[in-house]
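Model the structure of this input:
(one chain, ligands or ions: 1)
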Amino acid sequence: MTGLLVVGGIYVRDGRLLLARRPEGGPHAGLWELPGGKVEPGESPRAALGREWREELGVEVLEAEPETFVVEERADGPLTLLFFRVLGLAGEPRPLHGEALRWSDAGEALLLATPPADAPVLRRLLRDGGGRFAETERAPEDERRARSEELDPRIAGSEALGPAHALRFRKRLPGRAELLDGVLVATAEGPRAFVNLCPHVPVPLDRPDEELLSSDGRYLVCARHGALFLATTGLCVSGPCEGESLTPLPIAPSGAGWALERR
Ligand code: FES
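Down below sits the predicted model:
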């Protein structure tokens, strides 16, 4: 990816979305944005989100997953804004550098002045939530179930993987702080697993309620661009990242299903 990469976090509590006011003296001063900041060279987007929220809001992001992105064409090159959904937070957000925070419900958020890249994200959140902001934090029982599945190398549901069928999974690899989102797909050459992040901008190919596979089962499909990735190899054959590949994940049979091989 070329150009500047910026991350922002989406965090909703009691139907209210956390927004931060942009500091004076910079671009979009005084507008209300999803809190975040620039990704430093050599830093992963997820690590940048954690650092920004620690430094600016005094909280620790425990879990976050990529949600969507927006690209702005600027005179000095493209600016990609990658937005994460914050699933777990330790601490109470407070503005450590004097800028204001607010918790906005749907009605207020639509009236606030936001930077151009944030506005479509807010509208999409409201559309997905049926006119409200859906909670982003996982409920305790969902959290417990998700934790045990994340630590188990077996891929839930893989026993029933039929032809032209794909399923998503989320795993926590030993020694890695970040969660790994993956997709297991049945192909004519046997099952394949890939990291579910586009090579072009690190967001999942799909959205939770959307299909990952083309109707003939040959391609994984990017929900945003209709880009096509060969299910057998992960190679993008059409779309913005043509010629690049999804990252393969080693799998091995486990009982009647499949498990991630841990190296
Ligand atoms: S996000 Fe990369 S092809 Fe759509």
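
how about the closest residue to Arg85 other than its chain neighbours, secondary structure?
In space, and not counting its chain neighbours, Arg85 is closest to Glu67: 4.4 Å by CB to CB, 6 or more residues apart in numbering. The C-beta positions use only the backbone N, C-alpha and C, and glycine is treated the same way. Taken by DSSP: H, G, I helix; E, B strand; the rest coil, the conformation at Glu67 corresponds to strand.

got the contact list for Glu67?
Counting by CB atoms under 8 Å, 6 or more residues apart in numbering, Glu67 makes contact with 10, 83-85, 121, 203.

What of Arg21?
Shown here is Arg21, whose contacts under the criterion CB under 8 Å, 6+ apart are 30-33, 99-102.

From Leu101, how far out is it?
According to CB to CB, to the nearest Å, Arg21 and Leu101 sit 8 Å apart.

what's the following helix or strand after the lowest-mean-pLDDT helix or strand in the chain?
Of the helices and strands making up the chain, the lowest-confidence element is helix 140-151, at a mean of 78, by mean pLDDT, DSSP states H and E. Moving toward the C-terminus from helix 140-151, the next helix or strand (DSSP states H and E) is strand 166-172.

Any buried residues in that next one, and which?
166-169, 171-172 (16 or more other CB atoms under 10 Å).

Stretch 220-228 now?
Under the neighbour-count criterion of 16+ other CB under 10 Å, stretch 220-228 has 220-224, 227-228 buried.

tell me the domain ranges of the protein?
If the domains of the chain are taken from automatic domain parsing, they occupy 4-128, 153-260, with pieces of a single domain joined by a plus sign.

Give me every residue in the stretch 101-250 of the chain lying close to the ligand.
Remark: the part of the stretch 101-250 of the chain in contact with the ligand comprises 198, 200-201, 203, 222, 224-225, 227, 239-241, using CB under 6 Å from any ligand atom.

Flag the shaky bits of the stretch 151-263 of the chain, pLDDT-wise.
174-177, 207-210, 263 (pLDDT under 70).

which ones are touching Leu31?
In this structure, Leu31 makes contact with 21-22, 112-115, judged by CB under 8 Å, 6+ apart.

10 Å instead?
The contact partners of Leu31, by CB atoms under 10 Å, 6 or more residues apart in numbering, come to 19-22, 112-116, 118-119.

Give me the most central residue, this protein.
In the chain, the C-alpha closest to the average C-alpha coordinate belongs to Pro66, at a distance of 1.0 Å (CA atoms, centre = their mean).

how close does the closest residue to that one other than its chain neighbours get to Leu110?
Of all residues not flanking Pro66 in the chain, Val203 sits nearest, at 4.4 Å (CB to CB, 6+ apart). Taking CB to CB as the measure, Val203 falls 24 Å from Leu110.

more neighbours, those two?
Remark: of Val203 and Leu110, Val203 carries more neighbours, 24 against 13, as counted by other CB atoms under 10 Å.

My read is that Arg13 contacts Glu135, right?
Yes: in this structure, Arg13 sits in contact with Glu135. The criterion is CB atoms under 10 Å, and the distance is 7.0 Å.

quick one on the thing from earlier: next, the residue nearest to Pro66: secondary structure please.
Here Val203 takes the coil state, with states given by three-state DSSP.

all strands of the stretch 1-150 of the chain, in order?
Secondary structure of the stretch 1-150 of the chain (DSSP state E, counting those that start in this stretch): strands at 4-10, 12-13, 16-21, 32-33, 36-38, 60-74, 77-90, 101-104.

Ok, which of these comes nearest Phe194?
Using CB to CB as the measure, strand 60-74 is the one of the strands of the stretch 1-150 of the chain that comes nearest Phe194, at 15.1 Å.

next one: the closest one to chain centre, how far?
On the basis of CA atoms, centre = their mean, to the nearest Å, strand 60-74 is displaced by 6 Å from the centre of the chain it belongs to.

if we can go back for a sec, which among the contacts of Leu31 end up buried?
Judged by neighbour count, with 16+ other CB under 10 Å as the criterion, the buried members of the contacts of Leu31 are 19-22, 112, 114-115, 118-119.

Good, we can wrap up now.
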